[in-house]
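Undergrad: Sequence isn't available, so here's the structure alone:
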């Protein structure tokens, strides 16, 4: 690109190799961001289910759903953790801009925060699951 190109208002373009390198570096970070978002959404659902424990909505189905949600979050955490590790390794081993390193550090912090929220919700769920028995309708009891 020449000065004439810049003066004429043509946009500054990266060559194909630079674009590929930049995309490869951003892939793990984008995957981490997506994973954190999915975990955050699942934790919010988990918290809603936990809040139903000890109420008339507390049924065996609710507890099964709570268990499935817990397992799903665990799987998402595993996958996102691996992607976060990959992103941090990329940041250390290749020439990466300071802004990307900062963005990845923020993602790691967001990941830690959502994990703490999940741990709090799990503790509360364990307390409530032991304190309250699930509601079983009388019809279900009489059929047994």
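TA: Perfect, I can see it now. Given the structure is predicted, the values throughout are model-derived calculations rather than measurements. Numbering: from 1, shown residues only.

Undergrad: Please count neighbours and contacts with C-alpha atoms only from this point.
TA: Fine.

Undergrad: By mean pLDDT, point me to the weakest helix or strand of the chain.
TA: The least trusted helix or strand in the chain, going by mean pLDDT, DSSP states H and E, turns out to be helix 3-7, with a mean of 57.

Undergrad: Identify the spatial nearest neighbour of the residue nearest to the spatial centre of the chain, chain neighbours not counted.
TA: Residue closest to the average C-alpha location in the chain (CA atoms, centre = their mean): residue 36, at 2.4 Å. Residue nearest to residue 36 in three dimensions, not counting chain neighbours: residue 111, with 5.8 Å by CA to CA, 6 or more residues apart in numbering.

Undergrad: Give the other helices and strands that the helix or strand in which that neighbour is found contacts.
TA: When secondary structure is defined using DSSP states H and E, the element that contains residue 111 is helix 98-131. Of the remaining helices and strands, those touching helix 98-131 by 3 or more CA pairs under 8 Å, 6 or more residues apart in numbering; DSSP states H and E are helix 16-51, helix 60-93.

Undergrad: Minimum distance to residue 121: which of those helices has it?
TA: helix 16-51 (6.0 Å; CA to CA).

Undergrad: Residue 86 and residue 28 touch, don't they?
TA: Yes - contact status for residue 86 versus residue 28: in contact at 6.5 Å, counting by CA atoms under 8 Å.

Undergrad: who's more crowded, those two?
TA: The neighbour comparison of residue 86 against residue 28 (other CA atoms under 10 Å) goes to residue 28, with 22 against 17.

Undergrad: Residue 43: neighbour count?
TA: The number of residues packed near residue 43 is 23, by other CA under 10 Å.

Undergrad: Please apply the same query to residue 99.
TA: So residue 99, with other CA under 10 Å, has 9 neighbours.

Undergrad: Would you mind measuring from it to residue 66?
TA: When distances are taken as CA to CA, to the nearest Å, residue 99 and residue 66 turn out to be 39 Å apart.

Undergrad: And for residue 131?
TA: Note on residue 131: its distance to residue 66, by CA to CA, is 16 Å.

Undergrad: okay, these two: which has more neighbours?
TA: For residue 131 versus residue 66, the count of surrounding residues by other CA under 10 Å is larger for residue 66: 21 against 11.

Undergrad: Thanks a lot, see you next time.
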